[in-house]
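Enquirer: Test case, fold it:
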Amino acid sequence: MKTTNDQDGAIAAELAVIAPVLLVLMLLVVYGGRASLADGRVETAAARASRAASLTATPTQARDVALDVALDNLAAAGLVCVTPGVSTDTSQFARAGTVTVTVACPVSNADLALVAVPGVRTAVASSTAVIDTYRGGG
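Expert: Here you go, the predicted model:
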């Protein structure tokens with residue numbers, strides 16, 4: 001005796017509907033993870049640059065050192081910035097003063113072809129370091 005099943009092919013149809021949705025969700029997780037990783041690397045570069053700048057003797061040296069340290073950290077972290085920007089605020093550069101470094105790193109989304117997110121996403125971070133009260137010089 002032969003029985004008929006009204007559910008023939010139902011699982012395949014459900015999978016055909018759900019699979020693209022799951023794929024898009026996975027790709028968005030990849031995009032979010034990459035954005036978070038870029039943010040963390042830029043924050044680290046800003047923190048290290050501000051600390052290095054706070055150890056210099058003059059505002060000019062602070063700006064030069066901050067730029068070098070930030071760019072070196074971004075490169076060492078493997079973060080490819082389209083046009084990186086580093087700005088250093090030395091308006092409070094004195095004993096017990098502060099130095100603030102802001103790092104901006106525009107990251108292209110072109111290598112995320114499956115996610116299809118166009119353009120560039122810019123990760124920006126600032127860090128302020130206190131200049132030692134008892135340091136030598138200025």
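
Enquirer: Can you pull out the low-pLDDT segments for this protein?
Expert: Per-residue confidence for the chain (pLDDT under 70) gives these ranges: 1-8, 111-116, 135-138.

Enquirer: What ranges does it have for its strands?
Expert: Using DSSP state E, the strands found in the chain span residues 85-89, 98-108, 120-130.

Enquirer: residue contacts, the closest residue to R121 other than its chain neighbours?
Expert: Of all residues beyond its chain neighbours, the one nearest R121 is V107 (5.5 Å), with distances taken as Cβ to Cβ, 6 or more residues apart in numbering. Using the backbone N, CA and C atoms, a C-beta is placed for each residue, glycine as well. By Cβ atoms under 8 Å, 6 or more residues apart in numbering, the residues touching V107 are 38, 79-82, 120-123.

Enquirer: from those residues, which single one is nearest A46?
Expert: Taking Cβ to Cβ as the measure, A46 lies nearest A123 of the contacts of V107, at 10.1 Å.

Enquirer: The closest one against T44, yeah?
Expert: No. Look at A123 against T44 with Cβ atoms under 8 Å: they stay out of range, at 11.0 Å.

Enquirer: Looking at these two, which is more packed in?
Expert: Taking neighbours as other Cβ atoms under 10 Å, A123 and T44 compare with A123 leading, 22 against 19.

Enquirer: ok, now which ones touch that one?
Expert: 35, 38-39, 41-42, 104-105, 107.

Enquirer: go with 10 Å
Expert: 35-43, 45, 74, 79, 81, 103-107 (Cβ atoms under 10 Å, 6 or more residues apart in numbering).

Enquirer: buried subset of these?
Expert: Among the contacts of A123, those classed as buried by 16 or more other Cβ atoms under 10 Å are 38-39, 41-43, 45, 74, 79, 81, 103-107.

Enquirer: which pair in those spans the largest distance?
Expert: Taking Cβ to Cβ as the measure, the buried ones among the contacts of A123 have their most distant pair in E43 and P106, spaced 15.7 Å apart.
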